[in-house]
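Enquirer: My questions are about this predicted structure, shown below with the sequence.
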Amino acid sequence: MEKKVSLLKRSIAFFIDLYLGALLASIPISLISLIQINQITQNIFLLDKSIAIIAIILSFVCLGFYYLYIPLFIYPGQTLGKRLMDIQIIASSKISLVKRQILFMLLFTSASHLFAQLVSLLTGYNLISLMTDITLSFSLMAIINLFITKQMLYDRLAKTYITDFSKQKTFIKNQLREEK
């Protein structure tokens with residue numbers, strides 16, 4: 001059963017996840033840049049092209065771990081931010097959850113910027129500004145959709161929803177007290 005989640009709880013979980021995901025994604029690029037150019041930076045264009053591509057791929061792996069592996073295998077339906085806020089993604093299948101998380105990553109996390117950097121490296125054209133504008137447009141549409149339908153765009157597309165299970169925990173605790 002769906003329990004309504006306050007916008008405040010969703011927002012706090014979102015910013016926790018955004019911070020932790022970005023932090024994890026920055027580690028490979030930071031370490032590789034420190035090794036290659038003796039400087040910690042997120043500017044992959046300072047690195048050799050092949051090394052920069054490897055750094056971006058490793059950053060995607062870190063993002064995948066945080067946004068896909070954790071909610072699929074460690075804390076079902078939860079990233080660390082959602083777990084801290086006692087909310088959970090409810091999906092009809094793992095495929096729905098994966099779709100939701102990939103859409104979320106591309107719209108709201110550093111994955112979109114990493115993807116833009118990777119495409120720019122591979123093509124030789126600076127597409128970062130264009131891809132940032134596109135991502136911001138989709139993000140704005142997703143946020144507007146939240147206020148209109150009370151559901152984020154990526155949740156609608158993936159047929160998932162967010163539930164507050166702190167209320168469910170309280171209900172279970174109260175039932176256990178009554179049984180004693």
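Expert: That came in fine, so what should we check first? Numbers count the residues shown, from 1 in each chain.
Enquirer: Check the offset of the helix or strand encompassing residue 105 from the chain's centre.
Expert: Assigning secondary structure by DSSP states H and E places residue 105 in helix 94-108. What separates the centre of helix 94-108 from the centre of its chain is 8 Å, taken as C-alpha atoms, centre = their mean, to the nearest Å.
Enquirer: Just the buried residues of it, please?
Expert: 96, 97, 98, 99, 100, 101, 102, 103, 104, 105, 107, 108 (16 or more other C-beta atoms under 10 Å). To be clear about C-beta, it is placed using only N, CA and C from the backbone, and glycine gets the same treatment.
Enquirer: Repeat that for stretch 25-41.
Expert: 25, 26, 28, 29, 30, 32, 33.
Enquirer: C-terminal to the longest helix seen in the chain, what's the next element?
Expert: Counting by DSSP state H, the longest helix found in the chain is helix 7-37. Scanning forward in sequence from helix 7-37 by DSSP H and E, the next helix or strand is helix 49-64.
Enquirer: for the protein, what are the low-confidence residue spans?
Expert: 1-3, 167-180 (pLDDT under 70).
Enquirer: The same query, at a cut-off of 90, please.
Expert: Applying pLDDT under 90 to the chain flags residues 1-7, 10-11, 103-113, 127, 131-157, 161, 165-180.
Enquirer: Any idea which residue is closest to the centre of it?
Expert: residue 105 (4.3 Å; C-alpha atoms, centre = their mean).
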